[in-house]
Each structure stands twice: as structure tokens, then as C-alpha cells.
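Undergrad: Give me a model of this one.
(one chain, ligands or ions: 1)
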Amino acid sequence: MKSRLTCNETLALTAEKTGTPAYIYDLSVLRGQLAGFRNAFEVPRFSLLFATMANPSTQILKLLAIEQAGACVNSNLHLDLALDAGIPTDKVQFTASGLSVDQMRRLISVGISVNLDSRRQVSQWLALGGGPFGVRLNAGALTEKPGDRLGFDQAEFDALRNEVSADLLAGLHVYVGTNFLDPRDMFPTLRCFFRLAAGLPQLRYVNIGGGVGVDYNNIGLGFDINAFGSEVSQLHRQLPPDTMLFFEPGRALAASSGVFLSRVTDIKRLQGTTFVACDASIAVFPRPLYHPESLHRVRSLRDAGDQTDVVVVGRTTFSRDILARCKLPRGVEVGDLLAFENAGAYCNSMASHFLGQPTPADFYFPIE
Ligand SMILES: Cc1ncc(COP(=O)(O)O)c(C=O)c1O
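TA: Have a look, this model is predicted:
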């Protein structure tokens, strides 16, 4: 079925009801993504968790609960949202860094599985009476390349293994990186990860994180989830078959299920550039500020002639309030509606109070 998010008339009618700016979701798209991701793996014990940092909205979490998917959470708030939405505790993994004692106590009392980030965190966890735990491995360290700030390197991991009894180390986690458009770029890290896991027969689970990308600019590099699932399933065959595989994508599950709608408020020329301002801001549509390398595609909901290069900006005084560099119809006018595509992940979940913009609401089809 074609998504309602691709139909300009539907979106324009929707904006009349919701006002702008607004986030509009078609959850049938998310359901389709879930099915496609699940079908890509052939592993006896497989569990798909949605990374709630991408979008912790209650409607999404309830859909996940109905579809028997789980949640990857990194905060108490998201844990509560996931449990309140009906996701069972055994389908939640808490993966974060620098957990406080209070957070650990809560996880222990609720019985949530954790992936810990340092030896000190492990000692703290055990001192509080926490049971078997997982640890996060640093992706860069696995391939001896520069990595991010998270997880264990080989030396710390070896030291940990000397410190704790093997049966306490229940799981291994890795997050290869973000927004990969080609699964082959993820395989070197995953091969190292599974090789290491294969030497630890006591493991109850491995968790390969997320990282599946979204082709924001529509340049034809759709991530081949089947190739990814097939390689991971193959790698998993090195482990005892009852080792659970957790996969926790965020972006690629939810991005395509949402658009962000905003209305043009001004158009001006400055030093040869056309700036189109709209009733939004990076404060309420923040991905472009964090990721200027993968800006969203924007379309005008009104056909107004041939396209020209523009810079779409927010309605604030912040000089970096740049929402898109794209093509819009030459005849674009104040009052026209703009749809920012792939806005279902890392968009409203990143909104802030910065710049005093009202937080846009989320709306889900059918919208009355
Ligand atoms: C531990 C963990 N798992 C999964 C994800 C989801 O990643 P993505 O949205 O790239 O799929 C993240 C994102 O930060 C993460 O930190």
C-alpha cells in the first residue's frame, strides 16, 4: 500500500486540521519496516528491539508492544514509557554509559537486562546485587580503528574477564556506527565481534545494536536489509544456536513513517541565495543542525513550476537555523506548505526549548 505521507493532497488537508508545524505519522509504514527487518534474519532465537532514542512516542511504543517487538532504552524515562506501553521487561535492554547508583537499583528491582560501559560500572552493578550483565564493546577498538567514546576496548575487556566469573558475563553488545547505507561497511566490525563472542560459550545473548541508514537525499542507496540479515545470520552460526540475537535499529525503523510539515513565512534573496523561511526551527526539527551532512529532502505540497536551489531556514535569529538546502519550485510563496521527509526518527525526539519555539505535536493517521 502506498503511504499517505507521499500524497501531497492528503498532507495539505491534514495540515488544515493539525496546523503547522506538525509531525505526521503513518504507522502502517513502521509496521512494514518491522516485518521487513524481521524477515531478513534466519536465527533460531531473534529479538528485534526498537531504539527509543529515535522516537519514544507512546503510539509507536504501543504498536511495538502489539507487534511483539521490544525496546532498547538508555534512560529511566524511556524505560517507563516502554513498560507503560505494554512492552514486557524481557523485551527491554538498557544500554547507556555512566549509570547512576539509583538507575542501577531501579533496573535491578524491575529485572531489566543491562549492557554496561566500563569495569567500574560492572563493579558497581555487582556491589548492588545485580545479576548477570552484558557489556558494550567499543566498535572502533574491535577493528583497531578510532572509535567513539562508548564501551570496552580489548585491554579493559580482558581485565574484566579476569575480575568476574564467566557465568556473570551474559551478553555482548556492539554498536557499529550510525547511518550506514551499505551493509558491507558494517561487516568488518561485526565479523570481529562474532569471532570474539564465539570464544565465550557462556553468552546468553549478543546484541548488534543499530546503525542501519536512511537514504535521506534519495540518491538510490537504500540499505539492503536482506544482505545484512543474511550475513549476520551466517556469522551467528559460529555461536551455540540458543544464543539470542538482539538487533536494535532506531532510525531505519521509524524515519520513513513520519514527515514534518511547516508553512513558508518569508522568502528573500541575500547575496545571490534564495532563503525560504518557515514556521519552524532547528529547535523543533533539530536533525539538520546535528547532521548537516545528511539533510532531509523537502517538497512543496503545491506544484509551482520548475525547481530552483534554495536554503530553507527557521523563523529565529540563530544564524545556524538552517533546515535544508534543497530545490523548491521557483514560484514558492508565503503560505505554501513544505514536507520534510523521513522525519520519523531523531526529529521530534531531539526537540528542545532553545529559541523559544513551541514544540510541534505528533499526529497519526487517521487524523480527524
Ligand atoms: C545502544 C544503541 N542501540 C541502538 C541505537 C539505534 O541506532 P540507529 O538509530 O542508528 O539504528 C543507538 C543509537 O544511538 C544506540 O546507542
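Undergrad: quick one: low-confidence ranges for the protein?
TA: Along the chain, the model assigns pLDDT under 70 to residues 1.
Undergrad: Could you tell me how far the residue of the chain positioned farthest from its centre is located from Val311?
TA: The outermost residue of the chain, judged against the average C-alpha position, is Gln271 (37.2 Å), by Cα atoms, centre = their mean. For Gln271, the distance to Val311 under the criterion Cβ to Cβ, to the nearest Å works out to 11 Å. (Each C-beta comes from the backbone N, C-alpha and C, glycine too.)
Undergrad: cool, Phe194 as well?
TA: Here the criterion is Cβ to Cβ. By it, Phe194 lies 45 Å from Val311.
Undergrad: and if you look at Ile66?
TA: Per Cβ to Cβ, Ile66 is found 41 Å from Val311.
Undergrad: In contact with whatever residue of the stretch 201-350 of the chain ends up closest to the ligand, which residues?
TA: Distance from the ligand to each residue of the stretch 201-350 of the chain (Cβ to the nearest ligand atom) is smallest for Gly210, at 2.3 Å. For Gly210, the set of contacting residues under the criterion of Cβ atoms under 8 Å, 6 or more residues apart in numbering consists of Ala51, Cys72, Tyr175, Thr178, Phe247, Glu248, Pro249, Gly250, Arg251, Ala252.
Undergrad: Apply 6 Å and report the result again.
TA: By Cβ atoms under 6 Å, 6 or more residues apart in numbering, Gly210 lies in contact with Ala51, Glu248, Pro249, Gly250.
Undergrad: Would you mind giving me the PyMOL syntax to select the buried ones in those?
TA: Buried residues among the contacts of Gly210 (16 or more other Cβ atoms under 10 Å), as a PyMOL selection:
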select buried, resi 51+248+249+250
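Undergrad: Near the ligand, list only the ones from the contacts of Gly210.
TA: Ala51, Glu248, Pro249, Gly250 (Cβ under 6 Å from any ligand atom).
Undergrad: ok, those vs Ala345, which is closest?
TA: Gly250 (5.8 Å; Cβ to Cβ).
Undergrad: My read is that the closest one contacts Leu49, right?
TA: No - because the distance of 9.4 Å does not satisfy Cβ atoms under 6 Å, Gly250 is recorded as not touching Leu49.
Undergrad: Residues in contact with both of those two, list them for me.
TA: Shared contacts of Gly250 and Leu49, counting by Cβ under 6 Å, 6+ apart, come down to nothing at all.
Undergrad: Go ahead and flag the most central residue of this protein.
TA: In the chain, the residue lying closest to the centroid (Cα atoms, centre = their mean) is Gly250, at 2.7 Å.
Undergrad: And the residue farthest from the centre of the chain, how close does it get to Val313?
TA: Taking Cβ to Cβ, one finds Gln271 at 14 Å from Val313.
Undergrad: How about Gln93?
TA: Summarising the geometry, the distance separating Gln93 from Val313, computed by Cβ to Cβ, is 39 Å.
Undergrad: who does the one residue in the stretch 1-150 of the chain that gets nearest to the ligand bridge with?
TA: The minimum distance from the stretch 1-150 of the chain to the ligand, using Cβ to the nearest ligand atom, falls at Ala51 (3.3 Å). Each beta-bridge partner of Ala51 is listed here: Cys72, as defined by DSSP bridges.
Undergrad: And it, how far from Asp306?
TA: In this structure, Ala51 lies at 40 Å from Asp306, with Cβ to Cβ as the measure.
Undergrad: Return the residues of the stretch 51-200 of the chain in contact with the ligand.
TA: Residues of the stretch 51-200 of the chain lying close to the ligand by Cβ under 6 Å from any ligand atom are Ala51, Met53, Ala54, Cys72, Thr95, Tyr175, Thr178.
Undergrad: tell me the contacts of the last one?
TA: With contacts defined as Cβ under 6 Å, 6+ apart, the neighbours of Thr178 are Gly211.
Undergrad: which SSE is it in?
TA: When elements are defined using DSSP states H and E, Thr178 is found to belong to no helix and no strand.
Undergrad: Good, wrapping up.
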